[in-house]
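> when you get a sec, could you give me coordinates for this:
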Amino acid sequence: MDSENKVKRRRMLGSTLHKTHDYISRLRHIELRKYNLTPIRLAVLSVIAESSKPVTMAMIASKIARELHTVTELLMRMQKDGLIKKIRQKRTAALYNIEATEKGKKSRQEAHKIDITGELFSTLSPQEQDALTIYLEKLKSRSLEELRKYINIPLE
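All right, here's what the predicted structure looks like:
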């Protein structure tokens, strides 16, 4: 295969992946609106719920691949909306542990009941879903590696 065809194929693949993500993301935004959530807010609540240790802003930033100042702003809005609370760590006045409020926990639980992605993924056979997961994990890992070269995402 000549290099021009390789470039065309990669552009088509990239375009298809981008459009698919965009459409699924837009559907998810529509679903989550009724719980005052967005996909990123839901991701924060999931990090909190799934952690076995106290959750810090740096941990959230690392898990959702965002810079610390972005997470700080996001958490301020989530706290204002009653979804999370920040608890000052005793040993350091500048550090906080982040916890979900009852409202945040309930919103997350309700949001997980509606699942347009599950409906969409049912279009694929279980074997196709497994293969797609493997391919996407490879792309996700490499993308995160590249992203860390450009922005300061804390490591866990």
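
> and the contacts of the helix or strand bottoming out on mean pLDDT in the chain?
Within the chain, judged by mean pLDDT, DSSP states H and E, the helix or strand with the poorest mean is helix 116-121; its value is a mean of 86. Contact with helix 116-121 is made by 24, 27-28, 31, 129, as judged by CB atoms under 8 Å, 6 or more residues apart in numbering. To be clear about C-beta, it is placed using only N, CA and C from the backbone, and glycine gets the same treatment.

> between those residues, which sits nearest Gly82?
Glu31 (20.3 Å; CB to CB).

> which regions of the protein sit below the pLDDT cut-off?
Scanning the chain for pLDDT under 70 picks out 1, 92-94, 155-156.

> in it, which spans are helices?
Secondary structure of the chain (DSSP state H): helices at 3-32, 39-50, 57-64, 68-80, 102-113, 116-121, 126-147.

> save those helices as a markdown table, and put in distance to Gln89 and mean neighbour count too.
Output for the helices of the chain, formatted as a markdown table (distance: least, CB to CB, whole Å; neighbours: other CB atoms under 10 Å):
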| stretch | distance to Gln89 | mean neighbour count |
| --- | --- | --- |
| helix 3-32 | 30 | 11 |
| helix 39-50 | 16 | 18 |
| helix 57-64 | 11 | 19 |
| helix 68-80 | 15 | 16 |
| helix 102-113 | 20 | 16 |
| helix 116-121 | 36 | 12 |
| helix 126-147 | 27 | 11 |
